[in-house]
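Engineer: here are the coordinates; sequence isn't available:
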């Protein structure tokens, strides 16, 4: 992963409530959010030498900053998201336009189905996992599996605090996994442990899961994650990952952190 799609938080704020984190009364400190976003971008560009592609922010689209939900990129094809909530559906045209203008082949899921991009589709080279129930529909995954010739294992998200897969499930480059088991039903927990050896899995403590420890970005042997996730950092350090903790509490107010603020383009 050497290129990420991001969007500056010029118009970021909480203007509606579509997940348990968002409360109109819990206002975002816009200046602090801008500082935190730029600190995150500095880690990517200066410490990890990642190339960032910046979208133009749009007034009236406060969640455009969460580019993980733009879609999912597989080789040179971008699958554009179709959001469940009307508040975010206006973003779809801007994401699609960006991908077309940058030469990607664009694929859309049939209009009757919801699919919220890399927020709900994650995995390893040999197998992908798809989160469903809260935002994406399970019926989207057979379509993507057939299109890209990849196995996709559906995981039902049963705790509405973890409404996207990337809030509770983070595959790492060495085959390890950070996850919060209680976010999944019994079948999902079994499906995960069947595919990923227990010694490679770290069950993130609830307090750190609620601080979005799983909403991390792994680039090689580096992991960028929210601050105040000491147990998760210690586990990663023991496995020779270099961790980069960034304060992202203004974005957590809206239900997102490092992973939500980025989309892998390669």
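Structural biologist: Structure's in. What do you need? Fair warning: this is a prediction, and the values are worked out from it, not measured in the lab.
Engineer: Walking through the stretch 101-250 of the chain, point out its helices one by one.
Structural biologist: Assigned by DSSP state H, counting those that start in this stretch, the stretch 101-250 of the chain shows helices spanning 140-148, 186-195, 206-209, 230-238, 249-252.
Engineer: pretty sure residue 21 is in contact with residue 162, am I right?
Structural biologist: No - if you go by CB atoms under 8 Å, residue 21 and residue 162 don't touch, sitting 10.3 Å apart. Placement of C-beta: from N, CA and C, glycine included.
Engineer: Looking at those two, which one has more neighbours?
Structural biologist: residue 162 (27 against 20; other CB atoms under 10 Å).
Engineer: correct me, but the more buried one touches residue 210?
Structural biologist: No - assessed by CB under 8 Å, residue 162 is found out of contact with residue 210, at 9.2 Å.
Engineer: CSV for the helices of the stretch 101-250 of the chain, including mean pLDDT?
Structural biologist: Output for the helices of the stretch 101-250 of the chain, formatted as CSV (pLDDT from 0 to 100):
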stretch, mean pLDDT
helix 140-148, 97
helix 186-195, 97
helix 206-209, 98
helix 230-238, 98
helix 249-252, 98
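Engineer: okay, those, which one's buried deepest?
Structural biologist: Highest mean neighbour count among those (mean count of other CB atoms under 10 Å): helix 249-252, with a mean of 21.
Engineer: Show me what the next helix or strand after it packs onto, helices and strands only.
Structural biologist: Next along the chain after helix 249-252, taking DSSP states H and E as the criterion, comes strand 263-264. If you count contacts as 3 or more CB pairs under 8 Å, 6 or more residues apart in numbering; DSSP states H and E, strand 263-264 packs onto strand 3-6, strand 71-74.
Engineer: tell me the most buried of the ones you listed?
Structural biologist: Of the helices and strands packed on strand 263-264, strand 71-74 is the most buried (mean count of other CB under 10 Å), at a mean of 23.
Engineer: packing partners for that one?
Structural biologist: Using 3+ CB pairs under 8 Å, 6+ apart: strand 71-74 touches strand 77-80, strand 263-264.
Engineer: got the contact list for the shortest one?
Structural biologist: Read that as strand 263-264. 1, 3, 4, 5, 6, 67, 68, 70, 71, 73, 117, 118 (CB atoms under 8 Å, 6 or more residues apart in numbering).
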